[in-house]
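> Next one to model:
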Amino acid sequence: MNSFLIFARRTDIRMVSLDIPYFADVVLAVNGSMKNTIAIGVDPKEGKVYWSDSTLKKISRANINGSGQEDIISSGLMTTDGLAVDSVGRKIYWTDTGTNRIEVANLNGSMRKVLVWRNLDSPRAIALYHEMGYMYWTDWGEHAKLERAGMDGSDRVVLISNNLGWPNGLAVDKAGSQLLWADAHTERIEASDLNGLNRRTLVSPVQHPYGLTLLGPHIYWTDWQSCSIQRADKTTGTNIITIRANLPGLMDIEAVDRERPLGFNRCGRRNGGCSHLCLPRPNGTSCVCPTGVLLKSDGRLCEEMPETYLLFSNRVSVRRISLDTPDHTDVHVPVPELHNVISLDYDSVEGKLYYTDVSLDVIRRVNLDGSGMETVVSQGLKTTDGLAVDWVARNMYWTDTGRNTIEVSRLDGSARKVLVNNSLDEPRAIAVFPSKGFLFWTDWGHIAKIERAHLDGSDRKVLINTDLGWPNGLTLDYDTRRIFWVDAHLDRIESSDLNGKLRQILVSHVSHPFALTQQDRWIYWTDWQTKSIQRVDKHTGRNKETVLANVEGLMDIIVVSPNRQTGTNHCGVNNGGCTHLCFAKTNSFVCACPDEQDGRPCSTREGLHISYVIGGALTVLAILILIAVYIIYRHKKSKFVDPGVSNLTYSNPSYRTSTQEVKIETAQKPPIYNQLRYKKEGVGESSYTKEKIRIVEGVCLLSGEELYWEDLKQLKVCRGSGLHACMRTDTVSLQASSASLDDTETEQLLQGDQSECSSLNTAMATPQRHSAHPDTGWVPNRKPSTESEV
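Below you'll find the predicted structure:
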């Protein structure tokens, strides 16, 4: 057949050939069941028919001969009333009255994208005009209207919003540049131009029109009340005839001419330069990313995944809601073999989702693309309501309401250990704070309470046990250091600090909250009664919004964000050096062994964080190095420098400031004899000072009798008392003995130091040289003695 009508009849799809002079319907022999087939579309290029089933909640396709049936969209659908195939651009568009969305995808169902989601009440029929880049749709909600937008969802505009009731069928007459629609409430078929102007009634009355299509000079529609397919002239509305009658359950209809050329594909060349979806619009094309994924700044490439998103379970599925984009559309995570999923958590290190299934009594993990599913715990579980991942220490915690225990294991399920098994009634939610080393959980038993312990179960403490009903969900705000929980009995959301203090009610009069999570300024929670996900401002409890509605069986909800699982603890490096389980505490950590040994030696030591150990070792090493350097320095100094030599710094107008070595050797005498003194100007004869020497041009060692000189080149020695002094120009070397020496000892001492003193003896200053030095303030009492006198 080249020209034919194809229509849906809830439980089957039929065709009527237009190539022959009589009209006979033929059932499409599809290998698959149909429960409630509503919308239908055809791709004449590949010869495939597409349809939606609102009971099975799927969009499927098959060849026109009925073979090759496959489901292309099997999740995220509720009531798909409208469907249109862009055979030129190779896309499929549909409307969903249940979710109030208009979406697009490739013909195989890949790269699904929500185009319109705001201000939709009950979108029904949809029609495309690829050459112009427009899509049109009807909305028969409280305020019925007919709208238009670009095929990428841009440039949305309401064309007609008055005198409409239930605008069902819709068709675009490209040849006549007009829109046609059927209204089941006003019981007429109307037409207008492509801008919604020049509106006119084409056929009236019609009993209850639903589907509408056109081919050549005729329009065709299905009628619920007469259970028939009708035809009329598309220009005048006259010449009405019945194509087929006695067909109850008639729904959508499509007219196909396989010999008509398809037209030019704007995105045909290299997909329009786009990495994902290329969609036409009135003035060109647009690159579009799958739902929840952002387009990069180049306007052509898409990010691989959303950066921040929600993950939630509804028993039989796990879904994702991107928080990067404003549409908040749920996307199914393709996790296989889900029966009754309750609790979720995510490991950002390996990118794996962990979940509990209470029907199978297992804990499993899987990649977010559905691959790599594995069971990590399969024994000894009854009702695992809560699950939490310590992403730093690589441990997994869970509550078991059936066994009234809190257990832990490694993320692969090994090294399993019971942490808490006493004074638990109905443990439910659980959360970890790895950087603080804390574990929190709720118990909605006979005495409801919220408790805290260290990650090894020690230092257990009841934080809150008053004014509680059914504390279900529990989450932590790692930024503000607060606990948030939902109470399904008192119907409210509350918070406190990490010690259970500063308690406050955030939201009152929530229906039946089950789980909650936190991201940025928002608190998100699931509600059993309203069947929705909602959020409020975490600071004020205001700005309440419904994120997602009409979801059955909502259970747990978590947030995945690069800012969520941050920080570290004492087990962050090499598992803290532990062989099995490492549990962080506030300022330390402990190693623990599993309840059942696995054949490996196990350590149970306590220790400091490895960074502390490394830091301490480095500090000790640095101290040892400094000590060694000091010892080497002292050794070299003692080797090359006489330990009795100290430095004497002096300055005068004739010489630059310098440091001279002064060697003073003295026997033990009272301290007064071991002092170097000088006389200041303007003071008495017997007045000496101990102040710091600044300018030294003469030195006198006193021991009973005086020894003095006036010039650095000359040395004047007094007799008696056994004093001996020598001086050089480069080094002042003074030797003194407190014992009295006779003349013989003095002479021997002089001979022993003759080498030093000879330079002084032969370098007696001339009067000119003596006058070259400044006056030092010393006044001799007698003429200096000669060497022979000494």
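> CA atoms for contacts and neighbours, from now on please.
Noted.
> Now the phi/psi pair for the residue nearest the centre of the chain, please.
Nearest to the geometric centre of the chain sits residue 562, at 1.0 Å (Cα atoms, centre = their mean). When read as degrees, to the nearest 10, the backbone of residue 562 gives phi -60, psi -20.
> Show the contacting residues for it.
Applying Cα atoms under 8 Å, 6 or more residues apart in numbering to residue 562 gives the contacts 307, 308, 348.
> now, which of the residues you listed sits nearest residue 249?
Of all the contacts of residue 562, residue 249 sits closest to residue 308, with 44.6 Å by Cα to Cα.
> Can you verify my assumption that that closest one contacts residue 560?
Yes - here residue 308 reaches residue 560: they are 5.6 Å apart, a contact under Cα atoms under 8 Å.
> what's across from residue 375 in the sheet?
Beta-bridge partners recorded for residue 375 (DSSP bridges): residue 364.
> what's the offset of the helix or strand encompassing residue 518 from the middle of its chain?
Here residue 518 sits within strand 513-519, counting by DSSP states H and E. Averaging C-alpha positions (Cα atoms, centre = their mean, to the nearest Å) puts strand 513-519 18 Å from its chain's average.
> Also stretch 152-164?
How far stretch 152-164 lies from its chain's middle: 39 Å, per Cα atoms, centre = their mean.
> gap between the two ends of it?
26 Å (Cα to Cα, to the nearest Å).
> and it, which residues are buried?
Neighbour-count burial for stretch 152-164 flags 152, 153, 156, 159, 160, 164 (criterion: 16 or more other Cα atoms under 10 Å).
> likewise stretch 108-119?
The neighbour-count check on stretch 108-119 (16+ other Cα under 10 Å) flags 108, 109, 112, 113, 114, 115, 116, 117 as buried.
> Could I get the full set of helices for this structure?
Assigned by DSSP state H, the chain shows helices spanning 610-640, 743-752, 754-761, 767-771.
> Return the member of the buried residues of stretch 152-164 nearest to residue 7.
When the buried residues of stretch 152-164 are compared for distance to residue 7 (Cα to Cα), residue 164 wins out at 25.0 Å.
> OK, contacts around that closest one?
So residue 164 contacts 144, 145, 183, 185, 186 (Cα under 8 Å, 6+ apart).
> Distance of it relative to residue 138?
The gap separating residue 164 from residue 138 is 10 Å, by Cα to Cα.
> any common contacting residues for the two?
In contact with both residue 164 and residue 138: 144, 145, using Cα under 8 Å, 6+ apart.
> can I assume residue 472 is in contact with residue 488?
Yes - with contacts counted by Cα under 8 Å, residue 472 reaches residue 488, the gap being 6.6 Å.
> Now do the shared contacts for the two.
With Cα under 8 Å, 6+ apart as the test, residue 472 and residue 488 both reach 513, 514.
> picking that back up, name every strand pairing with the strand holding residue 518 and say which way it goes.
For strand 513-519, pairing defined by DSSP bridges yields strand 522-527 (antiparallel).
> count of residues packed around residue 621?
Residues lying near residue 621 (other Cα atoms under 10 Å) number 12.
> Over to the nearest residue to residue 449 once chain neighbours are set aside: give its phi and psi.
Among residues not flanking residue 449 along the chain, residue 465 sits closest, at 4.3 Å (Cα to Cα, 6 or more residues apart in numbering). Torsion angles at residue 465 (phi, psi; degrees, to the nearest 10) stand at phi -140, psi 20.
> List the contacts of residue 465.
If you count contacts by Cα under 8 Å, 6+ apart, residue 465 has them with 447, 448, 449, 450.
> Tell me the one of those nearest residue 392?
residue 450 (23.9 Å).
> Surely that closest one touches residue 467?
No - Residue 450 lies out of contact with residue 467 (Cα under 8 Å); the separation is 11.2 Å.
> More neighbours: which of these two?
Neighbour totals were compared for residue 450 and residue 467, and residue 450 leads with 24 against 9 (other Cα under 10 Å).
> got a list of what the spatially closest residue to residue 56 that is not a sequence neighbour touches?
Leaving aside its chain neighbours, residue 56 sits nearest to residue 35 (6.8 Å; criterion: Cα to Cα, 6+ apart). Contact partners of residue 35, counting by Cα under 8 Å, 6+ apart, are 10, 11, 53, 54, 55, 56.
> Repeat that for residue 406.
Residue 406 sits next to 397, 398, 399, 400, 418, 419, 420, 421, 427 when contact means Cα under 8 Å, 6+ apart.
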